[in-house]
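J.: Output the structure for:
(4 chains)
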Protein chains: 4
Amino acid sequence: MTTPTEHWTREQLADIRTRVERFIDDIVIPQEPAPGQTLDLATRDQLRVAAQEAGIFAPHVPQRWGGLGLPISHWPEIFEAVGRSPIGPVVLNCMAPDEGNMHMLSEIATEEQKRKYLSPLASGETSSCFGMTEPHPGAGSDPSQLQTLARREAGQWVIHGEKRYSSGANHAGFMIVMAKTEPHDDPASAGATMFIVSMDAPGVSVPRQIDTIDRTIGGGHPHVVLDEVRVEEDDVLGEPHQGFRYAQVRLGPARLTHCMRWLGLATRAQEIALQRANEREIFDAKLSEQGIAQVMIADSEIDIETSRSIIARTARLLEDDPRAGSRLSSIAKVHCSEAVHRIIDRAVQLCGGDGVSMDLPLAQYLNEVRPFRIYDGSSETHRWAIARRAAHRQRQNAMHAVGTDQ
Amino acid sequence: MTTPTEHWTREQLADIRTRVERFIDDIVIPQEPAPGQTLDLATRDQLRVAAQEAGIFAPHVPQRWGGLGLPISHWPEIFEAVGRSPIGPVVLNCMAPDEGNMHMLSEIATEEQKRKYLSPLASGETSSCFGMTEPHPGAGSDPSQLQTLARREAGQWVIHGEKRYSSGANHAGFMIVMAKTEPHDDPASAGATMFIVSMDAPGVSVPRQIDTIDRTIGGGHPHVVLDEVRVEEDDVLGEPHQGFRYAQVRLGPARLTHCMRWLGLATRAQEIALQRANEREIFDAKLSEQGIAQVMIADSEIDIETSRSIIARTARLLEDDPRAGSRLSSIAKVHCSEAVHRIIDRAVQLCGGDGVSMDLPLAQYLNEVRPFRIYDGSSETHRWAIARRAAHRQRQNAMHAVGTDQ
Amino acid sequence: MTTPTEHWTREQLADIRTRVERFIDDIVIPQEPAPGQTLDLATRDQLRVAAQEAGIFAPHVPQRWGGLGLPISHWPEIFEAVGRSPIGPVVLNCMAPDEGNMHMLSEIATEEQKRKYLSPLASGETSSCFGMTEPHPGAGSDPSQLQTLARREAGQWVIHGEKRYSSGANHAGFMIVMAKTEPHDDPASAGATMFIVSMDAPGVSVPRQIDTIDRTIGGGHPHVVLDEVRVEEDDVLGEPHQGFRYAQVRLGPARLTHCMRWLGLATRAQEIALQRANEREIFDAKLSEQGIAQVMIADSEIDIETSRSIIARTARLLEDDPRAGSRLSSIAKVHCSEAVHRIIDRAVQLCGGDGVSMDLPLAQYLNEVRPFRIYDGSSETHRWAIARRAAHRQRQNAMHAVGTDQ
Amino acid sequence: MTTPTEHWTREQLADIRTRVERFIDDIVIPQEPAPGQTLDLATRDQLRVAAQEAGIFAPHVPQRWGGLGLPISHWPEIFEAVGRSPIGPVVLNCMAPDEGNMHMLSEIATEEQKRKYLSPLASGETSSCFGMTEPHPGAGSDPSQLQTLARREAGQWVIHGEKRYSSGANHAGFMIVMAKTEPHDDPASAGATMFIVSMDAPGVSVPRQIDTIDRTIGGGHPHVVLDEVRVEEDDVLGEPHQGFRYAQVRLGPARLTHCMRWLGLATRAQEIALQRANEREIFDAKLSEQGIAQVMIADSEIDIETSRSIIARTARLLEDDPRAGSRLSSIAKVHCSEAVHRIIDRAVQLCGGDGVSMDLPLAQYLNEVRPFRIYDGSSETHRWAIARRAAHRQRQNAMHAVGTDQ
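T.: Alright, predicted model coming up:
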């Protein structure tokens, strides 16, 4: 997938990591909005300039488009470091949905599309959104329910449908839209196609948005109506009718980068809880020396290290064998999304009354990460897919065993 | 403890329950604030009048003070029914901290104090707060750290200290304050005394409050400063120096009524999730017929019924043997607070993206109940106490066994 | 169901409980087989005589058949006390499957059948087994798969089929057999009938048995083949074609008495762990004073008390409303079977290396209770049923709500 | 630590893995003892010859001592493949305690000691045991409690003490013994020294052994009495007084190889369960297609992949930075030992009644792995250590942060 043309020495990587950590600690964290508040755009833009000056902006983007060009196997520790601040990813321009869109554009787009869309996206001049999820009974946990249609008409494509949970749509310059299409040479095999649609195009509107419990990054989760929106042939992303395959290209890494970023926030929560546990005396001893607290601290360490381990392994696999990596990313996503939630929940508990108050950011962190057990495929949908793959593997092995017996 | 002078037939109890359920469904729920919003006082007062007219106001208060006079063994099913709405308890005037204060006043107060404080509290004319928790390193998980002092001076008591998490203090008419005192006949054995302090008394101020993630009932969790506040001998609640004992009188039932109310909210969340699961089709079947959802639904049913069972048993025990009941209430509190959180968390998950949005109230319910794992003794503090009692019991039994062997 | 004709005072019940506890402690526990060994029949019979002399034999059996005649609402604390020894229930003759069979016989059997089967069963002269579960694909988790057939022939019934997991069949005098039958007046609605079949009857054989990890009570889990076994009309238990209904009569209480007995064993495990925790010093403090151990001890106390609470509530409900009690017993069974396993698992862990050795009985206790999460309906089958009932309840309530809206 | 002098290509590693998997499937599994039975020595030796002929014996041992010489970063997938059979590790001679002893000898021993002890151990001519754990109150969870003493006397060392849980002692040729010693130049700083002691030496006896629930590999867990046992200066392993440091050299990898082997057994249990789930129909569908089973299958897949990931990462770290690797191995051990137990427990549950019977090996697998949550440092001891390290890290970071602020 990502062609790791750029080679990196350990020293270079360690240097980037150190610079990112310092930038987050020294520049970003002091500018975080108060718990429950939203980052304002002016602060965001000022911090982005600082990140560009620090030479750490868009670490995942190829160098020719202005990023650091790190291959995906090196993303985990950088993204985790960035994620220690809930506003870190947006400052370094490696936040969903833009990050996943940049990745997909750099993998699939034409040179012309890259110049037109990837370049300003990577530099932060514009932003984007992704139009996959639809109002029930459309595409949700089951993407095959896709209801948005695109038909060919007079050399153009006409897209009609409605998307929801289109995070970022309020400010986005363009949307990558999944729509159902039929290959004209074979009407029987319906597929899906990805289109790049300008948010200014006639027929695009954002009638309402869903407010959710995550607050730090504004913009909500808008509905986007596509009412007979016309786009050109050049606005097809990749090959027509290959949308489901491309969605996988996007989903595997996109799931995993979420894991990386949220793991960063979980380690931040653990630090806050440890600081409290090291300071607070109760029943004549430091909280951090009391067994009941130690169990919680240790369980969070275990959750952190198992998450870190499966993220690292999945990232390497995504580089070596994207299909296998995508499968493993499903397991990583369930584990990390649940582990991250447990870690922050324990941190809240360790901080007692302050933990559920706005005097500490932990309760809001809990609200920031809770949706991740649902977004990008809920834990339940992934478990279903994981179990089916396991059962399939057993049947394959059994057949193979029979075959070799003969 | 509660003298069950009033006898109740099954039919009477069933009738009260039915009337409460209907009132909550038909009158209260339609007036609930939107998710994330706070009940305004005008709506509260109007609903309270309706509850009084419906003859279900203050169900736990003795009849001579205007309540229904239900003994504690009959509170569970009524309080659970009330708790189905997050504003139900405040409407029926059986919400913390007033409910616990009413209970303590009716158990301990003098006739004069009851007329002066319990009567207007029961009727809703005034409200109250409870001053126990203090800023660190004062009384928190470890009540023996009590720092607020009261000394006798010229026939009065002078109270000095600071309280926090004094829920309701912003609107309260009076506060029941725990303060450290020394019995004059035995200065060695320091105790604590409970005082009834008017919020208007000179020296009482509310400098700031802690905002927490529960939002439905306003008022936050204020700090209350008591700066050389003078009260009379008549303002001592119960006997001097018996404060820790009285705190137990309050804590056992107060913990349990929290369990009852929050269990009600958890059953509401389960209903919302079941409605969704019965309506929503996915992968060609109703969600409620899919095994992965069924596991979650069943786990919540188990959590509901085990909570209901230990609440019912503890309530009966509190009536028969208050000390044993108070011990069991500690176990009930840990189980129910964690079970309630799990139930609502599963309901959120079952409702997918809508579950974490403000289109459904579930995400806010999660924020309403999360603090309950910390307030009234955190799960960890209770576990510590439960384990110590178990170890003590084993040592007692072992000694007894040795004794009977001889 | 059980007609509580015999009234009991609190003092009488406390006296029985005390006598049972002493008998278990002083007489039964010293005679327990070593961990991993099986109770021999001679010891069993000698202990049964002692139990009869102590006046505590067959506590659940009506007095006219030689038992104590306790109604089911009073079984929980007695059965729990008996279950503290893994051989207690067989000594007091309240062990499955005999106990469930006695209960069913006293509820359903004719006077003649009671004299012939219940009387010697209650006195311990004979023993019995229950023939419900069949080899796959017969009746297992899904009882409607019943493959054993009974047909009427010349005034007799001819039974043909195979049962497995027929615990106790090796020594039993008779078996209560579930077989598929058709009501002759309505061949369309196939039902099932219960038969009392002598183990000596021609055609009955026990070809093999399944060895399982529970060891304390011998006899394994035999297959029983019924090869054209002929019984009389008088051997029908209850009405023909009502077998599934009667199975419910048996299953509700039978599940719950399992919970009671195993909860007793779990409390024994907790005692052993507490004794160790009170004695053993590590890192300069008693294990029982170390937080990491306290969490485990407390979690087991919570599991014990929630189990005790739902058992008590279900037992009362089985007396008042058997159908509702049977439904609740399904929830109680899942909770208790899993709680009991957790409690013993924690006790093993608290005892370290000795916990997994035969120097303590805990590892064997773990093997004794592990199957209970599978027998009598696995946790998964019950969860499925619990979820279906919950979904059904929501639909009923929704229809009712619509109805009352009009 | 392990000097990875031998370089391996991907193809070579894949070839070894394939040969090991085939050997386990085709040669070892057909010779496994029945569930609950013990591998007899004759079968073991015959299988060892086969393993040597297959060129896969002692994969972890340097080539000059007859092994394959794989560096530790390549052990995980090989050991996991070996562990799919509970007798696999003993057949390939990579079973505890020999494997850990070989590793320690190859790291620390003199050339002469390697010839004398490592060479015959690697070839299977002899076996060994490790004498660390002592009867209470000696070395157990807290190694600093070491009670076995060694004193210098006339140019020899005289060892006196008692060990327990000395697995393998019944057949061992020698024991590596930890004993407390004092450096003669500094009597204040007591240390420990490792000795190689022949099991034939005068004063060594094996008075009794502890039987535990793991059965497949015989030999139990003997007590070993060391009664004034005399050894030479040459029998000191490594430097005197460095025993605790060497114990860490052994413990980190030894813990991790346990994880690898048991993970193999867990994957075997998952295969058995999947086979059953793919074959068995219930309620009109394959078990593997039912959501309640799918949750369990998926949870086990998640446990398998997270275990695999943290094992792989820890193995690489042990090679690059042994101290950091040893710390991470503590986390890996807790996660894997608990994950492995959960996986097998779910497999038992998925197989229903057969799961707890001796018709399948799963119940015995459960007994094989249960002790691993206790041996090599219980989950609780590791959690305590993990929490202390986390709290220490936070204090270091805080000091560092203060330092850089200036």
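
J.: count of neighbours near whatever residue of the stretch 1-150 of chain A ends up closest to chain D?
T.: Relative to chain D, the nearest point of the stretch 1-150 of chain A is A:Asp25 (7.8 Å; C-beta to the nearest C-beta). Where you see a C-beta, it was placed from the backbone N, CA and C, and this is true even at glycine. Neighbours of A:Asp25 under the rule other C-beta atoms under 10 Å in any protein chain shown: 15.

J.: Tell me the secondary structure at it.
T.: Judged by DSSP: H, G, I helix; E, B strand; the rest coil, the three-state class of A:Asp25 is helix.

J.: got a list of what it touches?
T.: By C-beta atoms under 8 Å, 6 or more residues apart in numbering or on different chains, the contact set of A:Asp25 is D:Ala401.

J.: Contact partners for the nearest residue to A:Ile87 once chain neighbours are set aside?
T.: Once flanking residues are discounted, A:Ile87 sits nearest to A:Leu39: 4.9 Å by C-beta to C-beta, 6 or more residues apart in numbering or on different chains. The contact partners of A:Leu39, by C-beta under 8 Å, 6+ apart, come to A:32-33, A:87, A:90, A:216-218.

J.: SS state for A:Leu39?
T.: A:Leu39 is classified as coil under three-state DSSP.

J.: How about A:Glu239?
T.: coil.

J.: burial count for it?
T.: Using other C-beta under 10 Å: A:Glu239 sits among 14 other residues.

J.: Give me every residue in the stretch 201-350 of chain A lying close to chain D.
T.: Within the stretch 201-350 of chain A, the positions adjacent to chain D are A:270-271, A:274-275, A:277-278, A:288-289, A:291, A:293-295, A:297-302, A:305-306, A:308-310, A:312-314, A:328, A:331-332, A:334-335 by C-beta under 8 Å from any C-beta of the partner chain.

J.: What is the least confident helix or strand in chain A?
T.: When each helix and strand of chain A is scored by mean pLDDT, DSSP states H and E, strand A:281-282 comes last, with a mean of 84.

J.: do that one and chain B meet?
T.: Yes: applying C-beta under 8 Å from any C-beta, one finds that strand A:281-282 is in contact with chain B at A:281-282.

J.: Past that strand, which element shows up next along the chain?
T.: As assigned by DSSP states H and E, the chain's next helix or strand after strand A:281-282 is strand A:285-286.

J.: Next, the buried residues of the following helix or strand past that following strand.
T.: Sequence-wise, the next helix or strand downstream of strand A:285-286 (DSSP H and E) is helix A:291-320. Buried residues in helix A:291-320, counted by 16 or more other C-beta atoms under 10 Å in any protein chain shown: A:291-319.

J.: now do stretch A:377-392
T.: A:377-387, A:389-391.

J.: Can you add pLDDT and give the residues you listed back as CSV?
T.: Output for the buried residues of stretch A:377-392, formatted as CSV (pLDDT from 0 to 100):
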residue, pLDDT
A:Gly377, 91
A:Ser378, 95
A:Ser379, 96
A:Glu380, 96
A:Thr381, 94
A:His382, 96
A:Arg383, 97
A:Trp384, 96
A:Ala385, 95
A:Ile386, 98
A:Ala387, 97
A:Arg389, 97
A:Ala390, 98
A:Ala391, 97
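
J.: In chain A, mark out all the helices, start to finish.
T.: With helices called from DSSP state H, chain A shows them at A:10-23, A:41-53, A:75-83, A:88-91, A:98-108, A:111-113, A:119-123, A:243-279, A:291-320, A:322-350, A:352-355, A:362-369, A:379-405.

J.: and of these, who's closest to D:Gln242?
T.: helix A:291-320 (28.5 Å; C-beta to C-beta).

J.: and that closest one with chain B, contact?
T.: Yes: applying C-beta under 8 Å from any C-beta, one finds helix A:291-320 touching chain B at A:292-293, A:296.

J.: you'd agree A:Glu301 is up against D:Ala387?
T.: Yes: counting by C-beta atoms under 8 Å, A:Glu301 touches D:Ala387, with 7.3 Å between them.

J.: one step back: for the residue nearest to A:Ile87, give its distance to chain B.
T.: As defined by C-beta to the nearest C-beta, to the nearest Å, A:Leu39 lies at a distance of 19 Å from chain B.

J.: looking at the helices of chain A, which one has the lowest mean pLDDT?
T.: Mean pLDDT is lowest for helix A:379-405 among the helices of chain A, at a mean of 89.

J.: close to chain B, is that one?
T.: Yes: applying C-beta under 8 Å from any C-beta, one finds helix A:379-405 in contact with chain B at A:379-380, A:383-384.

J.: Return only those of those found close to chain D.
T.: Contacts with chain D within these, as defined by C-beta under 8 Å from any C-beta: A:383-384.

J.: For C:Ala172, state which of the residues of helix A:379-405 next to chain B is nearest.
T.: A:Arg383 (43.6 Å).

J.: Test my guess that the closest one contacts B:Ile292.
T.: Yes: contact criterion C-beta under 8 Å: A:Arg383 and B:Ile292 qualify, at 6.3 Å.

J.: Common neighbours of these two, please.
T.: Joint contacts of A:Arg383 and B:Ile292 (C-beta under 8 Å, 6+ apart) are D:294-295.

J.: Check the contacts of A:Leu39 for burial and list the buried ones.
T.: A:32-33, A:87, A:90, A:216-218.

J.: When you compare pLDDT across the residues you listed, which one is lowest?
T.: Least confident of those in the model: A:Gly218, at 77.

J.: tell me the contacts of that one?
T.: For A:Gly218, the contact set (C-beta under 8 Å, 6+ apart) comprises A:38-39.

J.: Stretch A:237-249: end-to-end distance?
T.: One end of stretch A:237-249 sits 13 Å from the other (C-alpha to C-alpha, to the nearest Å).

J.: before we move on, back to that, if we take the residues of helix A:379-405 next to chain B, which one ends up nearest to chain D?
T.: A:Arg383 (3.6 Å).

J.: how close does the residue nearest to A:Pro97 when sequence neighbours are not counted sit to chain C?
T.: Counting by C-beta to C-beta, 6+ apart, the nearest residue to A:Pro97 once its immediate chain neighbours are dropped is A:Phe130, at 4.3 Å. Going from A:Phe130 to chain C by C-beta to the nearest C-beta gives 34 Å.

J.: give the contact list for A:Leu118.
T.: By C-beta under 8 Å, 6+ apart, A:Leu118 lies in contact with A:61, A:65, A:102, A:105-106, A:109.

J.: Same question for A:Phe174.
T.: Applying C-beta under 8 Å, 6+ apart to A:Phe174 gives the contacts A:117, A:126, A:128-129, A:196-199.

J.: which residues touch the residue most central in space within chain A?
T.: Residue closest to the average C-alpha location in chain A (C-alpha atoms, centre = their mean): A:His258, at 3.8 Å. Counting by C-beta under 8 Å, 6+ apart, A:His258 makes contact with A:96, A:333, A:337, A:372, A:375-376.

J.: Torsion angles phi and psi at A:Met55?
T.: In this structure residue A:55 is Gly, not Met. Note on A:Gly55: backbone dihedrals following degrees, to the nearest 10 are phi 70, psi 30.

J.: Setting aside sequence neighbours, what's the nearest residue to it?
T.: Nearest to A:Gly55 is A:Arg19, by C-beta to C-beta, 6+ apart, at 7.2 Å.

J.: what do you get for A:Thr148?
T.: Nearest one to A:Thr148, counting by C-beta to C-beta, 6+ apart, is A:Gly161 at 2.6 Å.
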